[in-house]
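K.L.:
need the 3D shape of this:
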Amino acid sequence: MTIADLWDQRISAFLLSPSQFLATTTTESFLAELLHELRKDKANDQLKILLVSVLLEHPTVLCPSASVGEETALELLSVFSHMPQKSIMLKCNIMLAITNVIICTSCLATHTKTAEDWLDLLFQTIQDTNDYRCGLSQQPIRATACDCLREMETCSPGLLSQKLEALFLLKQQETTVLHQSYCLLYTLGLKNAIRILTNQKDVTDLEFKSILGGNEGFAWKSNQLGLTSLPINMLVQVPRLPQGLDCKELKSIMSSLLEESYLLTPISQSALLRELVEVVAMVPGLSPTLFKSQLLRLFGTADVSLMHATLFMKDTFTDSLFTAEDENFLLKRLVGTAQHPLLRIPEKLFYMECILHFPENRPISSSGEESLPVLVTPRLAASLHPTVFNDSATMLCRLNLLCLVHLEVADEGEMDKGISHLFEHIMALLKIVDSDGSREVVVTSFRALFIFLTHFNGMEELSEKLIDKLCDMYSRHSQLAPNLIGLADRIQEHLDDPVWSVKLLRGLQKCIMEMPPLQLTIHNLSWHLKVLKRVAKEGQITQRNTIYLLLNVLINSNLCERGNWQVGNAVLAVCRNLLEHPSIDQVFIELADLLQYISIHYDDTDIKDHARFYYTLLTNLSWEKLTGVLAKGLDGGRAKERSHSAIMAENEGIASNLTVHKTNRHVLQLIKVQEASQSSSESSSESLEATGEVKNWLEVYQGQFQTPGFGSEVTLRYNLTHAKETDPLFDKVFTICLHFELKDSNYSKVSDIHVPCVFRDRKPPEVKVKLKPFQPYPTSLCVSAVFSTQDGRSWHSRLPDVSVSFPEIFLPLPLPPNSSCECKEQVFEHIWEAAASGNPDKSANSLFCFKPEDESLADLIKTHFQGYLITDQQSERSWKVLFFLPPKCHVLLKITQAEDAARVSIATDNWELLPFVNSYLQNITDNCSSTVTDG
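P.N.:
Predicted coordinates for the structure are as follows:
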């Protein structure tokens with residue numbers, strides 16, 4: 001496998017899940033490897049572009065601080081300066097990466113030296129107008145430089161406000177295809193500069209002209225303003241400059257930009273027009289009639305972005321720019337375009353939305369509610385009538401529009417031809433559903449029905465016909481029950497008057513009652529019970545027929561003998577809603593008979609128990625108390641439908657009942673126990689007894705790993721204590737169950753830990769967390785706890801995450817306790833020689849140097865390595881250290897003291913551990929040295 005293939009795999013893994021990828025290495029190490037590979041001359045441009053893509057996608061992951069971001073930008077800048085002239089695409093990608101890192105890591109906001117140098121370099125790059133200096137081949141680099149400057153100006157508005165004269169001259173000089181990039185850059189800088197002026201008081205002509213003629217450095221102070229896009233519409237006050245300023249020069253610039261706009265691509269034209277519209281809106285001395293010459297071209301455009309810019313212009317200037325004839329023509333243009341056969345679905349939907357929210361010159365209503373423009377008449381919209389041949393999205397959008405068009409007639413209580421056509425369209429959709437339509441057709445039809453009813457539910461004749469049709473369909477297609485229930489619920493939520501939903505549910509109840517017994521199969525019965533459960537919630541519908549039906553089905557069928565839990569539970573769900581029905585007194589005897597019959601004859605113990613419980617509630621409590629019991633939640637408020645008081649209704653899992661409360665904050669926490677340095681003679685696991693006859697300690701050592709589970713665990717000790725600020729309710733907690741979840745796949749599942757109790761005023765109990773690594777990398781554990789309080793309630797609480805650092809995984813060499821130093825050294829030397837010879841394949845060597853102070857090296861050895869020392873030759877200033885990392889990894893250190901520095905030679909049988917070893921040594925030596933590493 002080539003280097004390019006390896007990097008391709010690593011970059012793919014990183015982009016798929018950065019957190020999971022970085023669980024196997026450190027951010028600093030991966031970033032260093034990436035930058036090191038970028039500096040290699042042998043790596044091809046495609047590989048380097050792949051490497052740079054990481055910084056384009058996730059700059060803050062690899063550069064978590066401004067200092068790291070600045071260092072990374074400097075490294076990339078160095079790579080950029082050494083790139084050959086032919087590597088155009090690579091240079092462009094590196095430019096984007098540098099800009100991305102500088103912006104995302106706040107280097108630009110804090111005005112770092114790197115950001116300033118990079119801005120200077122970008123500005124120098126765009127000064128090579130028409131490619132006189134670098135040639136045509138370097139044109140993409142100038143285009144990228146313009147894009148980078150635009151991005152930086154967007155993120156720090158006003159940065160280029162003192163460079164407008166220079167940018168204008170560059171725009172005028174540029175005659176290549178990059179003219180539009182210079183236009184957009186200048187226009188953005190102009191808009192932001194004027195926006196900054198609107199925040200000042202008493203702006204003079206001199207200050208105004210100085211902005212247009214500025215040719216100084218970058219305006220870093222303006223970054224603090226944090227400007228955003230202007231909220232330009234008729235309802236929001238736009239910041240404006242004072243009246244009376246001399247705007248001749250600005251007007252000339254605006255006219256020049258508009259005259260050149262036709263040379264730009266449609267997307268660039270749209271961006272340019274939006275910026276210029278905002279400029280005119282902020283400067284009272286500029287008239288919107290500047291755009292008059294552009295309207296004819298914009299009215300005829302087929303581009304979505306330009307049409308959007310035109311509507312933005314109309315929303316901003318209304319009748320200051322658009323006459324009534326212009327408004328009428330533009331609306332007709334939108335109606336015609338919305339039905340163009342060559343348009344894609346998203347474009348059709350866009351034009352429909354433009355019609356629906358068309359910015360009128362004189363809007364009647366400004367309440368924000370959805371309402372059509374006055375000019376959209378039934379005659380104008382006649383060509384937009386929906387058909388069954390339209391795609392779902394277009395058909396629903398057209399239906400909504402036409403319903404609004406004909407709504408005024410409906411409000412007067414009349415029904416015109418338009419409403420009749422819409423009703424026929426709805427009936428045609430239902431006919432398709434009745435003919436076994438697909439799921440998409442069913443969903444679309446019910447959505448269309450909802451749209452129609454929200455507008456015309458007051459027309460009783462149409463409503464009755466729809467209810468009859470839906471009930472007739474249900475009699476043949478009981479699987480439509482969820483759609484009908486959902487329609488009834490949504491209509492009831494949307495309308496203040498629930499009359500239509502009640503009529504539909506009453507009709508469905510009647511339909512089920514009149515069904516012949518042959519249609520009441522197990523499959524169909526489950527749908528019918530869902531409908532009856534919903535019907536039982538309506539206080540305006542009598543429920544006697546429902547109870548008779550259920551009782552007849554249970555008596556005259558073998559349902560009770562079969563003891564199907566799902567069917568029994570569905571029947572109980574209906575009964576539960578009947579218990580809360582306001583007219584329960586009228587059906588008291590019938591409901592009691594039904595519950596008693598179930599409790600005696602149903603062949604399922606769980607169903608019997610719950611039926612008996614319901615019967616007890618019914619016969620012993622008044623309706624007010626009964627509804628209070630069923631409706632009371634655990635917190636004293638109204639319970640959700642699936643609470644513990646639902647008594648298993650439609651719930652097959654007892655564990656899903658809300659019997660465990662959740663705390664709002666941390667109640668408990670795990671605090672690491674500070675352990676004394678381990679003795680070098682301690683063993684982390686069971687060891688073999690040593691005998692004097694054993695000569696080859698390496699064979700003894702390796703033989704221990706044949707025992708299953710040997711040396712596979714790391715035990716971490718924590719104190720389980722209360723968090724700092726908790727409710728007194730939790731001062732005493734009992735039967736705690738700690739549950740651990742891993743954030744990566746480097747460790748096997750951690751077993752739950754049970755603790756009898758934790759009292760705030762007592763010594764905290766100690767818990768031991770046993771980790772079994774697959775790969776001995778640092779990790780983090782998500783911890784939660786379930787416990788009980790003195791009032792008998794159960795609680796679930798999250799604990800702060802537990803971080804497991806790299807040195808916490810270290811264990812001493814697992815040899816028998818009475819092993820001599822010679823035995824340990826023999827094993828050490830064998831492992832060292834094997835690593836040096838490349839056995840196993842993942843073995844590696846490295847070197848770490850640092851300069852300690854006078855006596856700090858001995859203190860460092862004693863503090864950090866005492867439990868892992870193999871030999872301690874302090875007189876010779878030499879030490880050997882071995883870390884064992886489960887399941888079977890080793891890190892060996894040979895530490896020697898030279899005259900000017902301490903040298904740490906590193907050997908390991910797993911080269912992937914080297915980044916963590918380096919970070920660990922760096923951390924423990926930071927206080928006493930300056931370090932140098934060589935991998």
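K.L.:
mind showing which ranges of the stretch 551-700 of the chain have poor pLDDT?
P.N.:
631-659, 675-698 (pLDDT under 70).
K.L.:
same question, the chain
P.N.:
Applying pLDDT under 70 to the chain flags the ranges 1, 221-237, 364-371, 409-415, 631-659, 675-698, 817, 854-855, 927-935.
K.L.:
okay, now the domains of it?
P.N.:
What the TED database lists as the domains of the chain is 1-155, 158-288, 668-672+698-808, 810-929.
K.L.:
now do the contacts for Cys737.
P.N.:
Asp752, Ile753, His754, Ala785, Val786, Phe787 (CB atoms under 8 Å, 6 or more residues apart in numbering). From N, CA and C alone the C-beta is placed, and that goes for glycine too.
K.L.:
contacts only, for the second one.
P.N.:
If I follow you right, that is Ile753. By CB under 8 Å, 6+ apart, the neighbours of Ile753 are Cys737, Leu738, Phe740, Val767, Lys768, Val769.
K.L.:
next: the third one.
P.N.:
The neighbourhood of His754, defined by CB under 8 Å, 6+ apart, consists of Thr735, Ile736, Cys737, Leu738.
K.L.:
turn those residues into CSV, columns for distance to Val881 and secondary structure.
P.N.:
Below are these laid out as CSV (distance: CB to CB, whole Å; DSSP: H, G, I helix; E, B strand; the rest coil):
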residue, distance to Val881, secondary structure
Thr735, 44, strand
Ile736, 39, strand
Cys737, 39, strand
Leu738, 34, strand
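K.L.:
among those, which ones are buried?
P.N.:
Neighbour counting by 16 or more other CB atoms under 10 Å classes Ile736, Leu738 among the contacts of His754 as buried.
K.L.:
which among the contacts of His754 gets closest to Leu160?
P.N.:
Leu738 (56.9 Å; CB to CB).
K.L.:
for the stretch 151-300 of the chain, what spans make up the strands?
P.N.:
For the stretch 151-300 of the chain, no strands are identified by DSSP state E, counting those that start in this stretch.
K.L.:
oh, that last question was meant for the stretch 651-800 of the chain, not what I typed.
P.N.:
660-662, 668-672, 714-722, 732-742, 753-759, 766-771, 779-789, 794-804.
K.L.:
sorry, back to before: nearest to Gly568, out of the domains of the chain?
P.N.:
That would be domain 668-672+698-808 among the domains of the chain, by CB to CB, at 28.1 Å.
K.L.:
circling back: tell me the one of the contacts of His754 nearest Phe14?
P.N.:
Distance to Phe14, by CB to CB, is smallest for Leu738 among the contacts of His754, at 32.4 Å.
K.L.:
from Leu781, how far off is that closest one?
P.N.:
Here Leu738 is placed at a distance of 10 Å from Leu781 (CB to CB, to the nearest Å).
K.L.:
now do Ser445
P.N.:
Separation of Ser445 from Leu781 (CB to CB): 51 Å.
K.L.:
looking at the two, which has the bigger crowd around it?
P.N.:
Between Ser445 and Leu781, Ser445 has the larger neighbour count (other CB atoms under 10 Å), namely 23 against 19.
K.L.:
tell me which element the more buried one is part of?
P.N.:
helix 439-456 (DSSP states H and E).
K.L.:
neighbouring contacts of that helix?
P.N.:
By CB under 8 Å, 6+ apart, helix 439-456 touches 386, 392, 395-396, 399-400, 403-404, 407, 410, 419, 422-423, 425-426, 429-430, 432-433, 437, 462-463, 466, 480, 483, 486-487, 490-491, 494-495, 500.
K.L.:
report how many residues lie close to Arg490.
P.N.:
16.
K.L.:
in what helix or strand does it lie?
P.N.:
With DSSP H and E as criterion, Arg490 is part of helix 481-494.
K.L.:
what packs against that helix?
P.N.:
Here helix 481-494 touches helix 439-456, helix 460-476, helix 499-513, helix 522-535, going by 3 or more CB pairs under 8 Å, 6 or more residues apart in numbering; DSSP states H and E.
K.L.:
now tabulate these in CSV and tack on distance to Ser29.
P.N.:
Rendered in CSV, the data for the helices and strands packed on helix 481-494 read as follows (distance: least, CB to CB, whole Å):
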stretch, distance to Ser29
helix 439-456, 51
helix 460-476, 65
helix 499-513, 63
helix 522-535, 58
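K.L.:
for Pro59, which of the ones you listed is the nearest?
P.N.:
Using CB to CB, those put helix 439-456 closest to Pro59, at 41.7 Å.
K.L.:
give me the angle between that closest one and helix 481-494.
P.N.:
30 degrees (axes from the mean of the first three to the mean of the last three CA atoms, to 10 degrees).
K.L.:
export helix 439-456 as PDB, just CAs?
P.N.:
C-alpha atoms of helix 439-456 as PDB (Å, rounded to 0.1, in the frame of the first residue of the first chain):
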ATOM      1  CA  ARG A 439     -48.100   5.200   0.200                       C
ATOM      2  CA  GLU A 440     -46.900   8.400  -1.500                       C
ATOM      3  CA  VAL A 441     -50.400   8.900  -3.100                       C
ATOM      4  CA  VAL A 442     -52.100   8.400   0.300                       C
ATOM      5  CA  VAL A 443     -49.900  10.800   2.100                       C
ATOM      6  CA  THR A 444     -50.200  13.500  -0.600                       C
ATOM      7  CA  SER A 445     -54.000  13.000  -0.800                       C
ATOM      8  CA  PHE A 446     -54.400  13.500   3.000                       C
ATOM      9  CA  ARG A 447     -52.200  16.500   2.900                       C
ATOM     10  CA  ALA A 448     -54.300  18.000   0.100                       C
ATOM     11  CA  LEU A 449     -57.400  17.200   2.100                       C
ATOM     12  CA  PHE A 450     -56.000  19.000   5.100                       C
ATOM     13  CA  ILE A 451     -55.100  22.100   3.000                       C
ATOM     14  CA  PHE A 452     -58.600  22.200   1.500                       C
ATOM     15  CA  LEU A 453     -60.400  21.800   4.900                       C
ATOM     16  CA  THR A 454     -58.300  24.500   6.600                       C
ATOM     17  CA  HIS A 455     -59.800  27.000   4.100                       C
ATOM     18  CA  PHE A 456     -63.200  25.600   3.300                       C
END
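K.L.:
got the angle between that helix and helix 460-476?
P.N.:
Using the same axes, to 10 degrees: helix 439-456 against helix 460-476 is 160 degrees.
K.L.:
from Ser557, how far out is the closest residue to Ile522 other than its chain neighbours?
P.N.:
Ranked by CB to CB, 6 or more residues apart in numbering and with sequence neighbours excluded, the top spatial neighbour of Ile522 is Val567, at 6.9 Å. For Val567, the distance to Ser557 equals 10 Å [CB to CB].
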